[in-house]
Every structure is written in C-alpha cells, then in structure tokens.
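Participant: Mind folding the following:
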Amino acid sequence: MLHFTFTEQFYKVLPHYLAIGMTSDQFWSGDPTLVIYYREADRLRLKRENYIAYIQGAYYYKALICVAPVMVAFPKKNAKAEPYINEPFPIGKSNEELMQSEKRKLIDSRDAFRAFATNFNKHRKEAVP
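Facilitator: Predicted coordinates for the structure are as follows:
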C-alpha cells in the first residue's frame with residue numbers, strides 16, 4: 001500500500017499552478033476554488049492559442065496557393081501569381097452569417113444565369129432552320 005501526505009500532493013501540483021499564473025500565496029493561502037478558475041482560464045487560453053495557430057496556418061496556406069503557379073520548377077510561360085486576399089478571413093458568428101448570405105447570393109445569381117442561358121439556347125434552337 002502506497003502512503004502519501006496531502007502536503008506532498010500539493011507540492012507535486014504547485015508547479016502547474018505557478019506556470020498558469022497563480023501566485024504561491026494564492027495557492028497556499030487563497031480561496032481553494034481559485035484552482036478551478038485558473039485551470040479553466042488556462043484551458044480557454046490554450047484553446048485560443050490553438051485557434052490563432054489554425055488561422056495563421058490558413059493564411060500561410062492561402063499565400064502559398066496564390067504563388068504556387070509561379071513557384072514550380074518549370075512554370076508555364078504565362079503563369080502569374082494570384083493576388084492575395086484583400087481583407088482578413090471573417091471571424092465570429094455575424095461575419096459567418098454574412099459569408100453565408102454572400103454564398104446564397106452567388107448561388108442565386110448562378111441559378112439566374114443558368115435559367116437565362118437555357119432560355120437563350122432554347123430560343124436560338126427554335127430560330128435556326
């Protein structure tokens with residue numbers, strides 16, 4: 001049977017709480033529920049950092065895609081780099097809703113163009129003897 005003291009266990013986890021910003025005084029003398037909030041704050045910070053790294057990777061990926069046509073060993077004669085995006089990627093629900101709205105507009109205009117082309121071709125076939 002393994003015996004340990006609570007003090008040993010507290011000293012074992014103390015470095016973790018010091019690393020996430022809790023002071024020694026808060027750990028030993030403060031409200032014991034603070035450790036819950038420091039752990040949650042650390043979890044949220046890590047989640048945010050992970051999201052920032054993801055967005056940064058998306059920007060790098062987009063930049064590479066833009067220059068890919070000219071960065072190959074033997075580019076085509078008239079190969080040109082695509083222009084980089086003019087504005088940051090949308091972040092947040094309101095921007096996402098705006099993107100969905102723009103996507104719907106694009107689909108609607110594409111459907112309208114298809115209807116126009118179908119109608120145009122139908123009349124053209126009728127006009128040709």
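Participant: What separation do you get for the residue nearest the centre of the chain and F10?
Facilitator: By Cα atoms, centre = their mean, the chain has its centre lying nearest to I55, at 4.3 Å. As judged by Cβ to Cβ, to the nearest Å, I55 and F10 stand 38 Å apart. Every C-beta, even on glycine, is put in place using the N, C-alpha and C of the backbone.
Participant: that older thread, what helix or strand is the residue nearest to the centre of the chain on?
Facilitator: Here I55 sits within helix 34-67, counting by DSSP states H and E.
Participant: ok, now S109?
Facilitator: Residue-wise, S109 maps onto helix 93-127 under DSSP H and E.
Participant: roughly how far is that helix from the heart of the chain?
Facilitator: 29 Å (Cα atoms, centre = their mean, to the nearest Å).
Participant: For that helix, what does the pLDDT average out to?
Facilitator: Helix 93-127 shows a mean pLDDT of 72 in the predicted model.
Participant: Which neighbouring elements make contact with that helix?
Facilitator: Helices and strands touching helix 93-127, by 3 or more Cβ pairs under 8 Å, 6 or more residues apart in numbering; DSSP states H and E: there are none.
Participant: so what are the domain limits for this structure?
Facilitator: 1-85, 90-129 (automatic domain parsing).
Participant: Give me the distance between the last one and the centre of its chain.
Facilitator: Shown here is domain 90-129, whose average C-alpha point lies 28 Å from the average C-alpha point of the whole chain (Cα atoms, centre = their mean).
Participant: before we move on, what about the longest one?
Facilitator: For domain 1-85, the gap between its own C-alpha mean and the chain's C-alpha mean amounts to 14 Å (Cα atoms, centre = their mean).
Participant: and G30, how many residues sit next to it?
Facilitator: By other Cβ atoms under 10 Å, 13 other residues sit near G30.
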